[in-house]
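J.: Prediction below, plus the sequence it came from.
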Amino acid sequence: MMRLYRKTYAKIDLEAIKTNIKNIGKKLPAGCKIMGVVKADAYGHGAEQVAKAVLEAGAGAIAVELAEEGALLREAGITAPLLVMGGANADQVELAVEHGLTQCVFDVDGLRMLDAAAGRQGRRAAAHIKCDTGMGRIGLRETEDFKTLLAAANELDNVVIDGIFTHFACADEEDQSFSQEQLDRFKVFLNVAADAGYNLKVHALNSAGGLWGKDGHFDYVRCGISIYGYHPSEFTKSGGVQLVPAMQVMSEISQIKTVEAGTPVGYGSTYVTPRKTTIATVQIGYGDGYNRLLSNKGRMIVKGKDGYAYANVIGRVCMDQTMIDVTEIEGVCQGDSVIAMGCAGDLHVTADDIAALCGTISYEVLLSYSKRVPRVYE
């Protein structure tokens with residue numbers, strides 16, 4: 001157990017992550033497995049710990065964006081199938097081959113680069129082909145290019161094409177017409193592969209599709225935000241899958257003071273107390289990832305003598321500290337814990353709540369907490 005000096009930290013509930021995996025799994029058809037997406041340090045939750053948890057809960061594979069991320073997981077003892085979903089340069093391809101990662105490819109040059117790296121290392125490399133069916137990012141778009149790539153693969157000695165995937169742009173929206181268009185385009189690629197004699201692992205759906213999609217599950221569903229306890233949108237909640245947020249951000253009160261009405265608070269004096277006010281200063285700020293856009297409109301959860309209560313942020317969020325109004329909460333003391341993000345009883349300040357105030361999405365909120373906020377695992 002790490003020693004916490006400053007009591008500002010992110011508490012990660014690995015059992016919540018396992019529960020989310022199991023609940024999502026109940027929604028999937030027989031034969032479809034979860035591929036746990038742990039890119040960007042598992043959306044800020046810690047890739048090594050989360051990868052182990054999702055595999056223990058029954059996920060069939062892990063996905064990252066970068067070969068560097070996959071290499072760290074291999075070094076941590078993760079032996080499960082591990083897909084690199086992003087494009088790669090020559091150095092990254094060498095790393096992917098070295099650590100037995102399955103590399104995303106989408107053109108002949110990338111395929112040959114992977115084959116050459118495998119040849120130099122005396123290994124066989126696995127690849128999944130990425131198809132761009134409407135996202136407009138990486139991936140091949142034309143079936144003729146796909147046929148050319150498969151023909152090139154037949155001439156190479158060190159690469160095995162064992163998978164194919166795409167990514168939906170609007171899977172979290174109520175109108176699923178564009179997702180259906182993408183799925184129809186993807187099935188054309190699948191038919192080409194089948195006609196060429198390939199029997200590939202297939203995956204297309206992300207969290208949104210896995211939570212409420214009715215078609216396109218194939219062999220894997222790539223679950224990212226959902227395994228951390230958040231729905232991609234309000235529409236996906238209609239799928240009925242219960243999710244439990246896994247991260248709670250805690251901090252502590254460093255000082256409490258009472259000031260008179262008319263007292264300015266914080267940089268720029270953007271808040272002036274309307275009455276005699278008790279201010280608690282909390283040891284968290286935008287240097288930790290607590291968004292400055294929460295100035296004068298965010299809130300935290302504080303425990304007083306009568307239980308938990310909301311305390312509004314007053315003044316601008318500072319780099320290292322944030323002020324909250326605890327005037328109406330009796331029994332709050334210096335050194336008390338504060339929930340900057342999380343739940344207590346019926347009260348909640350979720351990543352969705354924070355995102356709504358900041359004009360962003362839960363993904364960015366979860367990823368925003370810096371390394372200065374230690375992750376503590378339960």
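T.: Received it, and whenever you're ready, just let me know what you need. All values reported here derive from a predicted model rather than from experimental measurement. Residues are numbered from 1 along each chain as shown.

J.: Centre of the chain to stretch 232-242, how far?
T.: 17 Å (C-alpha atoms, centre = their mean, to the nearest Å).

J.: Can you get me the start-to-end distance on it?
T.: Length of stretch 232-242, first residue to last, C-alpha to C-alpha, to the nearest Å: 13 Å.

J.: Tell me the buried residues in that stretch?
T.: Pro232, Ser233, Phe235, Thr236, Gly239, Val241 (16 or more other C-beta atoms under 10 Å). C-beta coordinates here come from the backbone N, C-alpha and C atoms, glycine included.

J.: Was I right to think the second one contacts Asn206?
T.: No: applying C-beta atoms under 8 Å, one finds Ser233 not in contact with Asn206, separated by 11.6 Å.

J.: So the chain: which segments form each domain?
T.: 31-238, 247-377 (automatic domain parsing).

J.: From those domains, pick the one with the highest average neighbour count.
T.: Highest mean neighbour count among the domains of the chain (mean count of other C-beta atoms under 10 Å): domain 31-238, with a mean of 20.

J.: how long is that one end to end?
T.: 23 Å.

J.: Quick one: the helices in the stretch 1-150 of the chain, in order.
T.: Listed in chain order, the helices of the stretch 1-150 of the chain (DSSP state H, counting those that start in this stretch) span 14-27, 39-43, 47-56, 67-75, 90-98, 108-121, 143-154.

J.: Export those helices as TSV, with columns for mean pLDDT and distance to Tyr198.
T.: As requested, the helices of the stretch 1-150 of the chain are exported to TSV (pLDDT from 0 to 100; distance: least, C-beta to C-beta, whole Å):
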stretch	mean pLDDT	distance to Tyr198
helix 14-27	97	27
helix 39-43	98	27
helix 47-56	98	27
helix 67-75	98	24
helix 90-98	98	21
helix 108-121	98	14
helix 143-154	96	7
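
J.: Between those helices, which one is closest to Val313.
T.: Closest to Val313 of the helices of the stretch 1-150 of the chain is helix 39-43 (C-beta to C-beta; 24.1 Å).

J.: what residues does the closest one touch?
T.: The contact list for helix 39-43 (C-beta atoms under 8 Å, 6 or more residues apart in numbering) reads 47, 49-51, 63-66, 69, 85, 224-225, 228, 363, 366-367.

J.: List the residues that contact Met323.
T.: Met323 is in contact with Val265, Gly266, Ile279, Ala280, Thr281, Val282, Val313, Ile314, Gly315, counting by C-beta under 8 Å, 6+ apart.

J.: gap between whichever strand or helix holds it and the chain center?
T.: Following DSSP states H and E, one finds Met323 within strand 322-325. Offset of strand 322-325 from its chain centre (C-alpha atoms, centre = their mean): 29 Å.

J.: average pLDDT for that strand?
T.: Averaged across strand 322-325, pLDDT comes to 98.

J.: so Leu211 touches Tyr230, yeah?
T.: No: the criterion here is C-beta under 8 Å, and Leu211 misses it with Tyr230 at 10.6 Å.

J.: circling back to that earlier point, can you tell me which of the helices of the stretch 1-150 of the chain is nearest to Ala356?
T.: Of all the helices of the stretch 1-150 of the chain, helix 39-43 sits nearest to Ala356, with 18.2 Å by C-beta to C-beta.

J.: how about the CA coordinates for that closest one, as PDB?
T.: Output of helix 39-43 as PDB, limited to C-alpha atoms (Å, rounded to 0.1, in the frame of the first residue of the first chain):
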ATOM      1  CA  LYS A  39      -5.600   2.500 -24.000                       C
ATOM      2  CA  ALA A  40      -4.500   5.800 -22.500                       C
ATOM      3  CA  ASP A  41      -3.600   4.000 -19.200                       C
ATOM      4  CA  ALA A  42      -7.100   2.500 -19.100                       C
ATOM      5  CA  TYR A  43      -8.800   5.800 -19.400                       C
END
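
J.: So Asp248 belongs to a helix, correct?
T.: Wrong residue type there; residue 248 is Gln, not Asp. No: read with DSSP: H, G, I helix; E, B strand; the rest coil, Gln248 is strand and lies in no helix.

J.: That one touches Ser337, doesn't it?
T.: No: counting by C-beta under 8 Å, Gln248 does not reach Ser337; the two are 10.6 Å apart.

J.: OK, contacts around the residue of the chain most remote from its centre?
T.: Farthest-out residue of the chain from its mean C-alpha position, per C-alpha atoms, centre = their mean: Glu260, at 43.9 Å. Contacts here follow C-beta under 8 Å, 6+ apart; on that basis Glu260 touches Thr273, Lys276.

J.: same thing but 7 Å
T.: Contact analysis of Glu260 by C-beta atoms under 7 Å, 6 or more residues apart in numbering lists Lys276.

J.: roughly how far apart are it and Val282?
T.: To Val282, Glu260 is 22 Å away according to C-beta to C-beta, to the nearest Å.

J.: for Arg316, same thing?
T.: Distance of Arg316 to Val282, computed by C-beta to C-beta: 13 Å.
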